[in-house]
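*Asks:* no sequence for this one, just the structure:
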C-alpha cells in the first residue's frame, strides 16, 4: 500500500511569474493536508517560490532561457526551437536524478513538457489545450504535437471551469483528450473589503525584453500623474527600481502574495498583461483592468480581446499606448461577475485517495 503522504514534485515553467503563482493555491492546498511538496523551476520563478515557501525543499531545473524579441511569436519561438528542445532533454535527465534522490511519487508539471518520469504518476497542468496560431494549417499541426505531448502524462489538469463560461474561452475547451480534469481557476488572491489607497496598481510580468519595454512606456506617462499608484515591476531581484520624479508613485520590484493581495484589494483599477494567471487573480478580486498583451503573443491577444467583451476589462496595445485615454475608456466599463467553481478540492482529494488506496 502506498504511503498516505506521497512525495510530490511541483514544477512550473519559468515564463514570467504566472506559472509559479498559479501553482501556489495547489501548494497551499497540499500544505493544508499535511503534505510538503518539493518545488522545482529555474530563474525568477524559482526565486519567487523560494521567497514564498522558505521552509519547502526546492531544486533547480535547466533553464529554457526564452527571449521574446520582436512582435512575431511564430518567428521568435521558431528560431528558439533547438534551444527549447535541448532544455526539455536536459530537464528529462534532471528529473531522473530528482525522482531517485527525493523518492518522488507524483509529478505536477505546469507547462514543462519534459518533466515526467515513467516511475511516477505524472500530471500536466495547462489552460492551453488549444493553442492559437495565426495560420490555420500551422494551428492544426501545433495542436497535434501539443496533444501528443500531453498524452505522455497520466492526467492533464486545466485551471478553468469545466462548463461555460470559461475564463480562457476556447483555449481551455477539451479537444477530446480522455485525461482532462478541470480544477476551476487557480488564484492565490483572496477578496477583502479594504479602504481604497491607490487609484491604480500596475503589475508587470512576462519575458524580457518586452517586460522592460512596457515598463519604460508606463514610467514616461506617470511623471505627471496626479493620483496614487503602486507600480510592481515583477522583478524578483535586489536591483534598485527606477526613480520617478513623482511622489505619488510607489515603485517596487515585487510583492509577496499576501502583500500583493492587500495592494490589489485596496486599489480601484489594475494595469497588467493579459496573461492567464493575472486574469484569474483579477476575476477572483472582481477588479476592472487595462489589459496590455505582450506584442505578438497570440494567447494574450486572444484572452484580452475575449475578456474585453465580457465587461470590466479593456484591451490596449503596447505600441502607441496612451494611459490617459485607456483610463477614460475603462471608467465607462462595467464590472463583470464570474461564477466561482472551485473544483481543486475534488480533483486533489481524488488524486490523493487513489494514491493511498
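*Replies:* Received the coordinates, thanks. Small disclaimer: the values here were computed from a predicted structure and weren't measured.
*Asks:* show the contacting residues for residue 19.
*Replies:* 12-13, 41, 45, 110-111, 277 (Cβ atoms under 8 Å, 6 or more residues apart in numbering). Where you see a C-beta, it was placed from the backbone N, CA and C, and this is true even at glycine.
*Asks:* let's have those residues in JSON lines, adding neighbour count and secondary structure.
*Replies:* Shown next, in JSON lines, are the contacts of residue 19 (neighbours: other Cβ atoms under 10 Å; DSSP: H, G, I helix; E, B strand; the rest coil):
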{"residue": "12", "neighbour count": "32", "secondary structure": "strand"}
{"residue": "13", "neighbour count": "23", "secondary structure": "coil"}
{"residue": "41", "neighbour count": "27", "secondary structure": "strand"}
{"residue": "45", "neighbour count": "27", "secondary structure": "helix"}
{"residue": "110", "neighbour count": "26", "secondary structure": "strand"}
{"residue": "111", "neighbour count": "17", "secondary structure": "coil"}
{"residue": "277", "neighbour count": "26", "secondary structure": "helix"}
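*Asks:* identify the farthest-apart pair in these.
*Replies:* Distance extremes for those: the farthest pair is 41 and 277 at 14.1 Å, using Cβ to Cβ.
*Asks:* how many residues are close by residue 190?
*Replies:* 12 (other Cβ atoms under 10 Å).
*Asks:* show me what contacts it?
*Replies:* By Cβ under 8 Å, 6+ apart, the contact list for residue 190 reads 261, 284.
*Asks:* in a helix, it, correct?
*Replies:* No: going by DSSP: H, G, I helix; E, B strand; the rest coil, the assignment for residue 190 is coil, not a helix.
*Asks:* what's the first helix or strand after the helix-or-strand element of the chain with minimal mean pLDDT?
*Replies:* Ranked by mean pLDDT, DSSP states H and E, the weakest helix or strand in the chain is helix 73-79, scoring a mean of 61. For helix 73-79, the succeeding helix or strand toward the C-terminus, using DSSP states H and E, is helix 81-102.
*Asks:* quick check: buried residues in that following helix?
*Replies:* 87-88, 91, 94-95, 98-99 (16 or more other Cβ atoms under 10 Å).
*Asks:* report the rounded mean pLDDT for stretch 40-59.
*Replies:* Here stretch 40-59 scores 95 as its mean pLDDT.
*Asks:* again with stretch 127-137
*Replies:* Stretch 127-137 comes out at a mean pLDDT of 89.
*Asks:* other residues contacting it?
*Replies:* Under the criterion Cβ under 8 Å, 6+ apart, residues 74, 139, 142-143, 146-147, 150, 156, 158-160, 168, 170-175, 177, 180, 276, 298-299, 301-302 lie in contact with stretch 127-137.
*Asks:* buried members of those residues into PyMOL, please.
*Replies:* If you want just the buried ones from the contacts of stretch 127-137 in PyMOL, going by 16+ other Cβ under 10 Å, the selection is:
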select buried, resi 142+146+147+150+156+158+159+160+168+171+172+180+276+298+299+301+302
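*Asks:* pLDDT added to the buried residues of helix 81-102, as TSV?
*Replies:* Shown next, in TSV, are the buried residues of helix 81-102 (pLDDT from 0 to 100):
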residue	pLDDT
87	77
88	79
91	88
94	92
95	95
98	96
99	97
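*Asks:* and the strands in the stretch 151-300 of the chain, which stretches?
*Replies:* Applying DSSP state E, counting those that start in this stretch to the stretch 151-300 of the chain gives strands spanning 155-158, 180-182, 198-203, 229-232, 249-252, 267-272, 288-291.
*Asks:* what would those look like in TSV with distance to residue 351 and mean pLDDT?
*Replies:* TSV is the format used below for those (distance: least, Cβ to Cβ, whole Å; pLDDT from 0 to 100):
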stretch	distance to residue 351	mean pLDDT
strand 155-158	8	98
strand 180-182	9	97
strand 198-203	31	97
strand 229-232	33	97
strand 249-252	36	95
strand 267-272	31	96
strand 288-291	33	96
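*Asks:* out of those strands, which gets nearest to residue 210?
*Replies:* strand 267-272 (13.2 Å).
*Asks:* residue 326 versus the residue nearest to residue 224 when sequence neighbours are not counted, what's the distance?
*Replies:* Excluding its sequence neighbours, the residue lying closest to residue 224 (Cβ to Cβ, 6 or more residues apart in numbering) is residue 246, at 7.1 Å. Distance of residue 246 to residue 326, given as Cβ to Cβ, to the nearest Å: 18 Å.
*Asks:* that's all I had, so thanks and see you.
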